[in-house]
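Novice: Coordinates only, no sequence provided:
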């Protein structure tokens, strides 16, 4: 009997637990390790931050559904991975031995790389975690009482831009419904070299589509922005021009939400051969670490180089659809290896991003994510808003029930193509 430990109980980790258990059956032991008792659907955090979702509506207690599927769940954060000893040390002192380890932790949020950035002592807010989104909702309610300027965006080195665009446009939509938009100037600040870059070098006409969407909503922007510090009520930044010259700027705010750069989590940082200097897990084309062959990884914790060099550093995002394909490849490779067959499965690494805009949305598809691509397009329409709602319901149901659907990615891509064709034909 092999012992498989999955570190991380988010989007990738929960999917990995179910898929690996289904692939291996009762003959092997699967343990899921999370940093608390709940799974939370992170893509819904922008809605929590404006009061459109209650935190409990996007949260699932994991103990019972995992137990029903024969998966052991341990809701204790990891302290250190010990790959030379095939052990995982947890923060409460207990240790878990493993034959195979799957790392799906997501990132560490590097607020500390910009002075004054982030919650917990900083001067800006975040929607990266459920707790952060709830804190942002409290700050947003204060803004509604005393309207003032809002700054939304991302710090240098950020790789996850979709939620920042989403939050800017959701805030705009909510303020318009409350008839307060005329009292709240909105500015989007980003290290991207242009609007719609998204860490991907652009996807289809993402530049034109998102610039138009921001203009229609009277949201000003500062691209090529290097945020240098956050102070009470004021964001300090440098705006780079085409020649790389920096112009210092200050933006006042009554509320600021900026996404940070990511690093690997402390439990893996500095382990030679396992991670790169930023702490992201090194993998080969089969999601396997080259140095520690019994360690696999999926999701945001994986080391992927930037798509291209940009004047202000940006990273490459990992979308939910890409993460699911990584998980499926790991499950297949573990099944084959334990059966004595070569582990040859590869993830598709397709980037599909559904960004909500309040009552409409934007969809971006890059197949594969890293250029050159077979497919690249971007569309805006109300159908994307509906697709995002369906995406939320699907994942929450999957975590609650453990019902996985391997054809999901193909079905979603087919839906997006059909919806885009209908939009192009004027039958949205």
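Specialist: Received, thanks. Keep in mind that this is a model prediction, so the values were computed, not measured. Residues are numbered from 1 along each chain as shown.

Novice: and stretch 68-80, which residues are buried?
Specialist: Residues 71-80 are the ones in stretch 68-80 that count as buried (16 or more other C-beta atoms under 10 Å). To be clear about C-beta, it is placed using only N, CA and C from the backbone, and glycine gets the same treatment.

Novice: ok, now how distant is residue 320 from residue 300?
Specialist: From residue 320 across to residue 300, the span is 10 Å (C-beta to C-beta, to the nearest Å).

Novice: between those two, who's got more neighbours?
Specialist: Neighbour totals were compared for residue 320 and residue 300, and residue 300 leads with 25 against 22 (other C-beta atoms under 10 Å).

Novice: ok, the more buried one - contacts?
Specialist: 12, 106-107, 160, 262, 318, 323 (C-beta atoms under 8 Å, 6 or more residues apart in numbering).

Novice: following the strand or helix carrying residue 328, which helix or strand shows up next?
Specialist: Using DSSP states H and E, the element containing residue 328 is helix 320-338. Downstream of helix 320-338, the first helix or strand assigned by DSSP H and E is strand 351-356.

Novice: Show me how far whichever helix or strand comes after that next one is from its chain's centre.
Specialist: Counting by DSSP H and E, the next helix or strand C-terminal to strand 351-356 is strand 361-367. Strand 361-367 sits 15 Å away from the centroid of its parent chain (C-alpha atoms, centre = their mean, to the nearest Å).

Novice: Quick one: mean pLDDT over the next helix or strand after strand 361-367.
Specialist: Scanning forward in sequence from strand 361-367 by DSSP H and E, the next helix or strand is strand 375-380. Across strand 375-380, the average pLDDT comes to 86.

Novice: if we can go back for a sec, any chance of TSV for the buried residues of stretch 68-80, columns secondary structure, pLDDT and distance to residue 340?
Specialist: Converted to TSV, these look like this (DSSP: H, G, I helix; E, B strand; the rest coil; pLDDT from 0 to 100; distance: C-beta to C-beta, whole Å):
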residue	secondary structure	pLDDT	distance to residue 340
71	coil	98	24
72	strand	98	26
73	strand	98	30
74	strand	98	30
75	coil	98	34
76	coil	98	34
77	coil	97	35
78	strand	98	31
79	strand	98	34
80	strand	98	32
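
Novice: Which one of these is nearest to residue 94?
Specialist: For those, the minimum distance to residue 94 (C-beta to C-beta) is 7.2 Å, reached by residue 76.

Novice: Next one, pLDDT for the closest residue to that closest one other than its chain neighbours please.
Specialist: Nearest non-adjacent residue to residue 76, counting by C-beta to C-beta, 6 or more residues apart in numbering: residue 90, 4.5 Å away. On pLDDT, residue 90 comes in at 98.

Novice: Compute the distance between residue 90 and residue 134, please.
Specialist: Residue 90 sits 26 Å away from residue 134, going by C-beta to C-beta.

Novice: The two: who's more crowded?
Specialist: residue 90 (19 against 15).

Novice: Need phi/psi at the more buried one.
Specialist: Per-residue torsions, residue 90: phi -100, psi 160 (degrees, to the nearest 10).

Novice: Surely it is in contact with residue 75?
Specialist: No - if you go by C-beta atoms under 8 Å, residue 90 and residue 75 don't touch, sitting 10.0 Å apart.

Novice: returning to what we had before: tell me the one of the buried residues of stretch 68-80 nearest residue 55?
Specialist: Nearest to residue 55 among the buried residues of stretch 68-80, with distances taken as C-beta to C-beta, is residue 75, at 17.0 Å.

Novice: now that closest one, nearest residue through space, not along the chain?
Specialist: Excluding its sequence neighbours, the residue lying closest to residue 75 (C-beta to C-beta, 6+ apart) is residue 37, at 4.5 Å.

Novice: same deal with residue 262?
Specialist: Once flanking residues are discounted, residue 262 sits nearest to residue 107: 3.5 Å by C-beta to C-beta, 6+ apart.

Novice: which residues touch that neighbour?
Specialist: Contacts of residue 107 (C-beta under 8 Å, 6+ apart): 262-265, 300-301.

Novice: at 10 Å instead, please
Specialist: Applying C-beta atoms under 10 Å, 6 or more residues apart in numbering to residue 107 gives the contacts 128, 159-160, 260-265, 278-280, 299-301, 315, 318.

Novice: and if you look at residue 163?
Specialist: 42-43, 45-46, 49, 126-128, 133, 152, 154, 170, 257, 259, 317, 353, 355-356.

Novice: residue ranges with poor pLDDT in the protein?
Specialist: Residue ranges of the chain with pLDDT under 70: 404-428.

Novice: what residue of it is the furthest out?
Specialist: residue 340 (34.6 Å; C-alpha atoms, centre = their mean).

Novice: The helix or strand where residue 21 lies to helix 320-338, inter-axis angle?
Specialist: Take DSSP H and E as the rule and residue 21 turns out to sit in helix 11-24. Computed by axes from the mean of the first three to the mean of the last three C-alpha atoms, to 10 degrees, the angle separating helix 11-24 from helix 320-338 equals 30 degrees.

Novice: Which strands or helices does the helix or strand that helix 11-24 is followed by pack on?
Specialist: Downstream of helix 11-24, the next assigned helix or strand under DSSP H and E is strand 29-33. Applying 3 or more C-beta pairs under 10 Å, 6 or more residues apart in numbering; DSSP states H and E, one finds that strand 29-33 contacts strand 3-7, helix 11-24, helix 63-68, strand 72-74, strand 87-90, strand 95-97, strand 100-103.

Novice: For the longest one, buried residues please.
Specialist: This points to helix 11-24. Buried, per 16+ other C-beta under 10 Å, within helix 11-24: 11-24.

Novice: try stretch 365-385
Specialist: Of the residues in stretch 365-385, those buried (16+ other C-beta under 10 Å) are 365-366, 368-370, 373, 376-381, 383-385.
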